[in-house]
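> Here is a sequence with its predicted model. Questions after.
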Protein chains: 2
Amino acid sequence: MTPLSPVDQIFLWLEKRQQPMHVGGLHIFSFPDDADAKYMTELAQQLRAYATPQAPFNRRLRQRWGRYYWDTDAQFDLEHHFRHEALPKPGRIRELLAHVSAEHSNLMDRERPMWECHLIEGIRGRRFAVYYKAHHCMLDGVAAMRMCVKSYSFDPTATEMPPIWAISKDVTPARETQAPAAGDLVHSLSQLVEGAGRQLATVPTLIRELGKNLLKARDDSDAGLIFRAPPSILNQRITGSRRFAAQSYALERFKAIGKAFQATVNDVVLAVCGSALRNYLLSRQALPDQPLIAMAPMSIRQDDSDSGNQIAMILANLGTHIADPVRRLELTQASARESKERFRQMTPEEAVNYTALTLAPSGLNLLTGLAPKWQAFNVVISNVPGPNKPLYWNGARLEGMYPVSIPVDYAALNITLVSYRDQLEFGFTACRRTLPSMQRLLDYIEQGIAELEKAAGV
Amino acid sequence: MTPLSPVDQIFLWLEKRQQPMHVGGLHIFSFPDDADAKYMTELAQQLRAYATPQAPFNRRLRQRWGRYYWDTDAQFDLEHHFRHEALPKPGRIRELLAHVSAEHSNLMDRERPMWECHLIEGIRGRRFAVYYKAHHCMLDGVAAMRMCVKSYSFDPTATEMPPIWAISKDVTPARETQAPAAGDLVHSLSQLVEGAGRQLATVPTLIRELGKNLLKARDDSDAGLIFRAPPSILNQRITGSRRFAAQSYALERFKAIGKAFQATVNDVVLAVCGSALRNYLLSRQALPDQPLIAMAPMSIRQDDSDSGNQIAMILANLGTHIADPVRRLELTQASARESKERFRQMTPEEAVNYTALTLAPSGLNLLTGLAPKWQAFNVVISNVPGPNKPLYWNGARLEGMYPVSIPVDYAALNITLVSYRDQLEFGFTACRRTLPSMQRLLDYIEQGIAELEKAAGV
């Protein structure tokens, strides 16, 4: 039995009924040209033949004296993990998203290896989908996506490709290799909490350390800048019901807008999200007077000579109080640039401390359920780079891959996107009770792109 | 806001991740003759039109100072409760049971009214299904079944029938009217616990009271008889994964066997379950040397002059150590008769105390997680009377209705059956990890009926 790393233990501590700590991915495939009516049944049968999982998919939790350990599951039962499902007619993307929303709401069983793979048939237009689900203590979203990508191929003629759980790996747990780059809020928070505690800390110790960070921030006029996020409906307690919405948008459109305004693709992504959030909040009659603040993990590498992948949690003003899309983009761009600049001038230790400060209020929320008076940001927007060529799985082409992430108390919406081929694949995961009709964000994103295209004359 | 009754609160206390406290029902319908390809989509649309639920389907929990209250859900969202789903091909009963097993494993969201209605299409042979799910604190299984039956009609031409959640009811909560008759283990336990505590009791108080019962039992040689259930794989801690298996058997076959051996239908049901459990345990190489003991709620009314519905929790020796089916039936029959006789000779107070004693070990298990040295029974087998004429829902004929119940720690299998038309509808609900391949019980039940038919020469 191997003890879980302190970071991984924290995901188990933080989990509660209303706040499950699992991540997911929705992958949509098109049938190979020669697929016949039995294709899905046969695919399911083939997958069921891989009844022996490889690490980490064969690991279950054990609890001893309050600590968690990984143990090999001696009674592994694939039927619990691999599920063959279908959409009701008419089998549109709408039915698919409703299905994934319901599945993503369900807590995972801690007595078993904490992963699921749902093979979903009955989608219109000769397509099928796979919804992957894994507990964050086992895999983070970025690591999970990379493992999926590894299990696919760039070769459309490759066959007999085993599913992700059956691929033999001689890897150290994916988390260690990704470390601070993972970029999702929960991951960052647990690393902060680990940093505060050093050894396996108790919850009260963690809370004390986080409290110190906050007090320091209040006395530090410079740091005061980072506590400007207004209260909003995004920042309420959540329930256990999830809504997942996803859509692909052409990367080219973001590039063209960026070119017109001398902005990066990431700046345009932030501006488009700001536009969508503004319209959503207006539709709910809940737009704060003050602009929303986004936290976005971004590379701050200045040139190719820097080795490693320096990621900072930048804070960007989304300008949601501004109606004009171009002025909004300019504000967001300037604020992201300033935030990146600030990080570049810091020593690595300063950067870590600054990030800790940013995350501390959310960390306190998560650990104590007490909302501090300050919120450093309203929403997390992560942009994860993926492969730029089409992938295949036993001849089926991967048309889109969408991250399904974790909303937490006081951060009821998570926006994660992946670049794949020539697309940006947006995944919105939210508490559906806190943020009703959240799927409208898909239309508002389209609207946000279109208004900038119009302004840019492209 | 109305406080929950103490019994209902207990279902919330007892619930844990590995032991969800919801009940369900699987109802299989055949399409009306004139149904076309759009039938299911239109039915789903019609049902979605009933967006305003009636009590108790509009009630959500609130927690104040450790107590639970019912409150009207001001943000009711039908999409969370009503779900339109489909089976993957080939859409056999096997796929349906796998689907229900997975759904029944999921904990319910306490922030919302705790019920779900799953409309399931894609079943072979012009059929569809509805899987109902409700938390036991809102409805018990018997009450839920009766409400469903009320929402259907004996008239095949009746149309515009609203779904169960939209039927206006001026009823007191169903629980009060059913009281001790409900006959499921969890219900009985919570009533015992309530009896022990009287007012809203604390868990330590309840444990003390239950412990007293147990100590009394040990010192009481008469009561010692009821602690003879052997340890078995049915009586282990459970996990949160469920397997549900269901099948209809002709009531006539049970009647014919009963006639041949001068046994009641209930005796034959117990004997057939004993046979199936014996074969299942043999297949797992886990048959105890001592016979399994079943607890079965049964009417002990002696004639029609007695008003009310006197139900006793009788203990029956299933004779699982005996290979010969007829000797096994005789033993079970004699033991059930003796147990009923014992109840008949008791005053009502004595009967209540005796039942409490029977239930105490399981109550202690549930409340403390500590398994006492004695087990009063190995398995609960409930036979619930249902309507004897075919029911219809908007012209669709109800072909079968199967109860989906609650396994708990140290009672990993629940057998509940309903009589409907000329059938006995068996529902087996188990922890699928504790009892692997439990669905084999369906074949073993058939085998158990056949061997008695052969012996009876029918």
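Noted; the coordinates are in hand.

> Tell me which residue of the stretch 301-450 of chain A lies closest to chain B.
A:Arg433 (6.4 Å; CB to the nearest CB). Where you see a C-beta, it was placed from the backbone N, CA and C, and this is true even at glycine.

> Just list the residues touching A:Leu61, thanks.
A:4, A:12, A:68-71, A:110-111, A:114, A:137 (CB atoms under 8 Å, 6 or more residues apart in numbering or on different chains).

> ok, 6 Å please
A:68, A:110 (CB atoms under 6 Å, 6 or more residues apart in numbering or on different chains).

> Report the beta-bridge partners for it.
Note on A:Leu61: beta-bridge partners A:Trp70, judged by DSSP bridges.

> Tell me the spacing between it and A:Tyr68.
5 Å (CB to CB, to the nearest Å).

> Output the set of residues of chain A in proximity to chain B.
With CB under 6 Å from any CB of the partner chain as the criterion, chain A meets chain B at residues A:41, A:80, A:84-89, A:106-107, A:109, A:111, A:121-122, A:239-241.

> Relative to A:Phe426, how far out is A:Lys454?
On the measure of CB to CB, A:Lys454 and A:Phe426 end up 20 Å apart.

> Equivalent analysis for A:Ser105, please.
Taking CB to CB, one finds A:Ser105 at 20 Å from A:Phe426.

> Show me which of those two is the more surrounded one.
Between A:Ser105 and A:Phe426, counted using other CB atoms under 10 Å in any protein chain shown, A:Phe426 has the larger neighbour count: 25 against 20.

> returning to what we had before: number of nearby residues for the residue of the stretch 301-450 of chain A closest to chain B?
23.

> Wait, a helix at it?
No: counting by DSSP: H, G, I helix; E, B strand; the rest coil, A:Arg433 is not part of a helix but coil.

> The nearest residue to it once chain neighbours are set aside in helix, strand or coil?
Nearest residue to A:Arg433, sequence neighbours excluded (CB to CB, 6 or more residues apart in numbering or on different chains): A:Thr239, at 4.5 Å. At A:Thr239 the chain is in coil, as set by three-state DSSP.

> what's whatever helix or strand A:Tyr131 lives in packed up against?
Assigning secondary structure by DSSP states H and E places A:Tyr131 in strand A:127-135. Where contact means 3 or more CB pairs under 6 Å, 6 or more residues apart in numbering or on different chains; DSSP states H and E, strand A:127-135 is packed against strand A:22-30, strand A:115-123.

> Can you tell me what sits against the next helix or strand after the first one?
It stands for strand A:22-30. Next in sequence after strand A:22-30, counting helices and strands by DSSP H and E, comes helix A:39-48. Outside helix A:39-48, the residues within contact range by CB under 6 Å, 6+ apart are A:82, A:84, A:119, A:121, A:163, B:89.

> In the stretch 351-458 of chain A, mark out all the strands, start to finish.
Applying DSSP state E, counting those that start in this stretch to the stretch 351-458 of chain A gives strands spanning A:379-385, A:392-393, A:396-404, A:413-420, A:423-431.

> Would you format those as TSV with mean pLDDT included?
As requested, these are exported to TSV (pLDDT from 0 to 100):
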stretch	mean pLDDT
strand A:379-385	91
strand A:392-393	96
strand A:396-404	97
strand A:413-420	95
strand A:423-431	97
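
> Would you confirm that the residue of the stretch 301-450 of chain A closest to chain B contacts A:Ser241?
Yes: judged on CB atoms under 6 Å, A:Arg433 makes contact with A:Ser241 at a distance of 5.3 Å.

> Output the lowest mean pLDDT helix or strand found in chain A.
helix A:174-178 (a mean of 40; mean pLDDT, DSSP states H and E).

> Wasn't A:Arg253 part of a helix?
Yes: counting by three-state DSSP, A:Arg253 is part of a helix.

> so how many other residues sit close to A:Asp347?
For the record, residue A:347 is Thr, not Asp. A:Thr347 has 8 nearby residues by other CB under 10 Å.

> what stretches of chain A score poorly on pLDDT?
A:168-183, A:191-227, A:299-311, A:349, A:364-373 (pLDDT under 70).

> how about a cut-off of 80?
Applying pLDDT under 80 to chain A flags the ranges A:6-7, A:10, A:66, A:168-228, A:298-312, A:346-375.

> Check the contacts of helix A:39-48 and tell me the two furthest apart.
A:Pro163 and B:Lys89 (19.6 Å; CB to CB).

> Comparing these two, which residue is more hemmed in?
A:Pro163 (23 against 19).

> For that one, which residues are in contact?
So A:Pro163 contacts A:47, A:50 (CB under 6 Å, 6+ apart).

> ok so, going back, burial check on the residue nearest to A:Arg433, number of neighbours?
21.

> before we move on, what about the one 10 residues further on?
By other CB under 10 Å, the residues close to A:Tyr249 number 19.

> For it, which non-adjacent residue is spatially closest?
In space, A:Tyr249 is closest to A:Leu424, 5.1 Å off (CB to CB, 6+ apart).

> A helix includes A:Gln75, no?
No: the assignment for A:Gln75, made by three-state DSSP, is coil rather than a helix.

> residues near it, how many?
Neighbours of A:Gln75 using other CB under 10 Å come to 11.

> Which one of the residues in the stretch 151-300 of chain A is closest to chain B?
At 3.7 Å from chain B, A:Thr239 is the closest residue in the stretch 151-300 of chain A, using CB to the nearest CB.

> Contacts only, for that residue.
Per CB under 6 Å, 6+ apart, neighbours of A:Thr239: A:18, A:431, A:433, B:111.

> can you count the residues close to the first one?
The number of residues packed near A:Gln18 is 19, by other CB under 10 Å.

> Spit out the contact partners of it.
By CB under 6 Å, 6+ apart, the neighbours of A:Gln18 are A:238-240.

> Nearest residue to it in space, please, no chain neighbours.
Distances taken as CB to CB, 6+ apart place A:Gly240 nearest to A:Gln18, at 4.6 Å, with adjacent residues excluded.

> The one you found against B:Asp109, yeah?
Yes: counting by CB under 6 Å, A:Gly240 touches B:Asp109, with 4.3 Å between them.
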